[in-house]
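Asks: pasting a predicted model and its sequence here:
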Amino acid sequence: MKQRRLKIIAASVILLSGFVVLVLSMTKKESMPELSPAKLVANANSKDNQNVKVVGVISEESATWDAANTKLTFAIREPKGSATVNVVYTNLKPDNFTDGGNVFVEGKYDAAKNLVVATKLTTKCASKYEEAESATTQKSAY
């Protein structure tokens with residue numbers, strides 16, 4: 001009877017330890033601080049060859065789309081600044097990808113080239129949010 005309890009306890013400890021290791025490893029991979037282009041450029045050496053998440057605005061006239069190879073290249077800039085980071089994204093181009101639009105990019109940073117090879121690209125359509133805001137403003141005015 002005691003051996004059976006010991007086996008159950010040992011199996012439980014092993015399963016629990018494996019679960020904890022799995023959760024910690026996934027949390028470490030998924031938890032990336034959001035960096036602006038200026039912060040990424042300022043900390044380029046410490047972020048070199050690491051996964052980063054960059055938040056900014058798509059620089060005007062910087063985007064080129066190669067549909068045959070599904071390759072999108074563009075630059076992210078500060079909303080009110082001049083610091084930029086170049087991005088290469090090899091996947092489908094989002095429909096609402098436009099110059100001056102807000103963008104979130106995740107990928108590996110190459111400090112020597114000031115380049116993020118993106119694995120994830122998310123755009124935010126500002127016009128939808130502006131319309132929603134103006135609609136609520138009009139309602140409160142009455």
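Replies: Now that the structure is in, tell me what you want to look at.
Asks: centre-most residue in the protein?
Replies: With distances taken as CA atoms, centre = their mean, Glu106 lies nearest the centre of the chain, 3.3 Å away.
Asks: pLDDT weak spots in this protein?
Replies: 27-31, 125-142 (pLDDT under 70).
Asks: what segments of it are strands?
Replies: Ranges of strands within the chain are 34-35, 51-58, 64-66, 71-77, 84-90, 102-110, 115-124, based on DSSP state E.
Asks: tilt between the longest helix seen in the chain and strand 51-58?
Replies: Counting by DSSP state H, the longest helix found in the chain is helix 2-30. Angle, helix 2-30 to strand 51-58, by axes from the mean of the first three to the mean of the last three CA atoms, to 10 degrees: 30 degrees.
Asks: any idea how far helix 2-30 is from the middle of the chain?
Replies: Distance of helix 2-30 from its chain centroid, counting by CA atoms, centre = their mean, to the nearest Å, is 31 Å.
Asks: again with stretch 106-118
Replies: Centroid separation for stretch 106-118 versus its chain: 12 Å, with CA atoms, centre = their mean.
Asks: rewinding a little: can you add distance to Met1 and give the strands of the chain back as TSV?
Replies: Where you see a C-beta, it was placed from the backbone N, CA and C, and this is true even at glycine. Shown next, in TSV, are the strands of the chain (distance: least, CB to CB, whole Å):
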stretch	distance to Met1
strand 34-35	55
strand 51-58	51
strand 64-66	69
strand 71-77	65
strand 84-90	60
strand 102-110	53
strand 115-124	53
